[in-house]
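Novice: heads up, no residue letters with this:
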């Protein structure tokens, strides 16, 4: 039994429906695209993006004045000796929530 493809050959390269570009044409196309892209490319940041960038720059320029305290807390957490004041933390959370309503 012979099964033949009714629709014909579906490979466009075999049928020469699509021509493969030559190396010269590819080089010429990439050169023109590169030249056109140089003049047209630009980046525009939103106001939020500019604000975030400024905040990051300020944070990077700020000295670590509390480094000793952070290191001490890290050591306590690693040792298992860190015991936060739960009541103080809860009071701070409630105070912050109440400030949202004022």
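Specialist: Perfect, I can see it now. If you're wondering where the values come from, they're calculated on a predicted model, not measured in any experiment. Numbers count the residues shown, from 1 in each chain.

Novice: so where's the chain uncertain?
Specialist: Residues of the chain meeting the criterion pLDDT under 70: 1-39, 65, 102.

Novice: run the last query once more with 80
Specialist: Counting by pLDDT under 80, the chain has low-confidence residues at 1-40, 64-65, 100-102.

Novice: show me where it has its helices.
Specialist: Secondary structure of the chain by DSSP state H: the helices cover 23-40, 47-61, 67-79, 86-101.

Novice: export those helices to a markdown table and tack on mean neighbour count?
Specialist: Heads up, the C-betas are built off the backbone N, CA and C, glycines and all. As requested, the helices of the chain are exported to a markdown table (neighbours: other CB atoms under 10 Å):
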| stretch | mean neighbour count |
| --- | --- |
| helix 23-40 | 10 |
| helix 47-61 | 9 |
| helix 67-79 | 10 |
| helix 86-101 | 9 |
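
Novice: residue 76 touches residue 82, doesn't it?
Specialist: Yes - with contact defined as CB atoms under 8 Å, residue 76 counts as touching residue 82 (3.8 Å).

Novice: ok, now which ones touch residue 70?
Specialist: Contact partners of residue 70, counting by CB atoms under 8 Å, 6 or more residues apart in numbering, are residue 64.

Novice: next one: it from residue 76, what distance?
Specialist: 11 Å (CB to CB, to the nearest Å).

Novice: what of residue 97?
Specialist: 28 Å.

Novice: likewise for residue 50?
Specialist: Counting by CB to CB - residue 50 and residue 76 are separated by 39 Å.

Novice: and what of residue 47?
Specialist: 41 Å.

Novice: what do you get for residue 40?
Specialist: Counting by CB to CB - residue 40 and residue 76 are separated by 56 Å.

Novice: check residue 66 too.
Specialist: On the measure of CB to CB, residue 66 and residue 76 end up 15 Å apart.

Novice: check residue 51 too.
Specialist: 35 Å.

Novice: swap in residue 99?
Specialist: 29 Å.

Novice: over to residue 42?
Specialist: The spacing between residue 42 and residue 76, counted by CB to CB, is 50 Å.
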